[in-house]
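A.B. asks: Have a look at this prediction, sequence included:
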Amino acid sequence: MAAKILEREVIVVDAVRETKDSTTLYLSEGDNQPEYKAGQFLTVDPHQFPALERWCLYLEKEKGRKEPVRAYSLASAPHEEYVSFTVKEDPYYPDEDPYPPLLSPILTFRTPVGTELTIKGYTGSYTMNDELESNAETILHGCAGSGIVPNFAIIKDELHNGSTKKHILIFTNKTWNDIIYRDALRALESKYPDKLTIIHMITREKKPELESMGARWGRPTIELLREVIKDPSTTAAFICGPGISSYEKKEAKKKGLELVPRFLETMLQFVEEIGIPKEMIKKETW
């Protein structure tokens with residue numbers, strides 16, 4: 001029987017700006033010590049914010065349905081003092097998106113320390129399981145943008161618990177300053193050089209000095225995966241990043257258009273092509 005997902009009353013005890021458009025919120029439940037797995041998520045209902053009341057009503061009228069809760073991956077690992085999650089403000093492109101973002105701007109820029117929130121959690125299967133623990137010797141983390149969040153938690157948890165697995169993170173961002181947890185990741189790699197290797201892929205900023213900081217120009221390729229994965233049969237993959245949305249699929253079907261694969265679809269194709277078993281591949285998107 002699945003565990004019940006609990007509603008929790010929390011207080012924001014810290015709000016740390018990670019990049020120009022992302023913030024990590026640290027939560028306290030008082031004396032309660034929450035139980036969860038690294039890689040899981042929580043949900044936030046936008047209706048609890050007075051500032052969003054009119055926007056919720058407007059969007060619900062336009063969409064003909066109630067505004068749903070939003071899911072956010074946990075950035076924290078169970079051994080850490082506070083549960084945390086990182087929010088990146090969703091962009092809005094009027095020619096591409098039917099509606100502007102509702103909750104992410106509030107959480108990213110207007111949630112100060114002391115804010116009381118109601119959340120639900122913790123749940124999700126984007127986690128290590130018994131099969132992966134038993135069969136995987138290497139864990140490939142393929143992430144783009146805020147897709148790093150659950151993988152950051154998994155990496156921290158594995159390293160803290162003394163896992164012997166080798167973790168390889170291929171992390172794609174537009175610019176060097178867009179890298180969420182950049183300094184924290186660098187510190188982990190320095191502390192665990194035999195267990196963690198990080199390759200930063202930068203797609204819109206070609207500077208020679210970035211190479212000395214572990215960055216490469218462009219997007220991940222299947223050749224890169226073949227370079228870093230020595231034995232695909234004993235490798236598990238956690239792939240998290242932007243994928244084709246259900247709205248895009250619906251619109252493309254309506255117009256008879258063929259969609260171009262995004263990060264998620266491309267990386268999944270790569271890891272399958274190099275021979276990582278399907279049962280050893282996990283994916284997450286938004």
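C.D. replies: Looks like it came in fine.
A.B. asks: for the longest strand along the chain, which positions count as buried?
C.D. replies: Secondary structure of the chain per DSSP state E: the longest strand is strand 6-19. For strand 6-19, a neighbour-count test (16 or more other Cβ atoms under 10 Å) marks 8, 10, 12, 15, 18-19 as buried. Yep, even glycine has a C-beta here, placed from its N, CA and C like the rest.
A.B. asks: Pick out the most distant pair among these.
C.D. replies: Farthest-apart pair in those is 8 and 19; separation 27.0 Å (Cβ to Cβ).
A.B. asks: Now do the contacts for residue 267.
C.D. replies: 142, 220, 239, 241 (Cβ atoms under 8 Å, 6 or more residues apart in numbering).
A.B. asks: which of the residues in stretch 179-186 are buried?
C.D. replies: Under 16+ other Cβ under 10 Å, the buried positions of stretch 179-186 are 179-182, 185.
A.B. asks: so residue 159 makes contact with residue 195?
C.D. replies: Yes: using Cβ atoms under 8 Å, residue 159 makes contact with residue 195 at a distance of 6.2 Å.
A.B. asks: got any residues that touch both of those two?
C.D. replies: Shared contacts of residue 159 and residue 195 (Cβ under 8 Å, 6+ apart): residue 167.
A.B. asks: re the thing from before, arrange the buried residues of strand 6-19 in JSON lines, one row each, with distance to residue 171 and pLDDT as further columns.
C.D. replies: Formatted as JSON lines, the buried residues of strand 6-19 follow (distance: Cβ to Cβ, whole Å; pLDDT from 0 to 100):
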{"residue": "8", "distance to residue 171": "30", "pLDDT": "96"}
{"residue": "10", "distance to residue 171": "29", "pLDDT": "97"}
{"residue": "12", "distance to residue 171": "27", "pLDDT": "98"}
{"residue": "15", "distance to residue 171": "23", "pLDDT": "98"}
{"residue": "18", "distance to residue 171": "13", "pLDDT": "98"}
{"residue": "19", "distance to residue 171": "13", "pLDDT": "98"}
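A.B. asks: just these now: which is nearest residue 282?
C.D. replies: residue 18 (23.5 Å).
A.B. asks: okay, the lowest-mean-pLDDT helix or strand in the chain in CSV with CA atoms only?
C.D. replies: Counting by mean pLDDT, DSSP states H and E, the chain has its least confident helix or strand at helix 246-255, which shows a mean of 74. Taking C-alpha atoms only, helix 246-255 is exported to CSV below (Å, rounded to 0.1, in the frame of the first residue of the first chain):
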residue,chain,number,x,y,z
SER,A,246,1.7,17.8,-23.5
TYR,A,247,0.5,21.1,-24.8
GLU,A,248,3.2,21.1,-27.6
LYS,A,249,2.2,17.5,-28.5
LYS,A,250,-1.5,18.5,-28.6
GLU,A,251,-0.8,21.5,-30.8
ALA,A,252,1.5,19.7,-33.1
LYS,A,253,-1.0,16.9,-33.6
LYS,A,254,-3.7,19.5,-34.3
LYS,A,255,-1.6,21.2,-36.9
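A.B. asks: Identify all contacting residues around that helix.
C.D. replies: With Cβ under 8 Å, 6+ apart as the test, helix 246-255 has contacts from 98, 257-259.
A.B. asks: try stretch 44-53
C.D. replies: With Cβ under 8 Å, 6+ apart as the test, stretch 44-53 has contacts from 56, 67, 69-70, 72, 102-103, 106-107, 110, 117-120.
A.B. asks: Serialize those residues to TSV and add fields for neighbour count.
C.D. replies: TSV is the format used below for those (neighbours: other Cβ atoms under 10 Å):
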residue	neighbour count
56	17
67	19
69	16
70	19
72	25
102	17
103	21
106	19
107	25
110	12
117	18
118	13
119	21
120	16
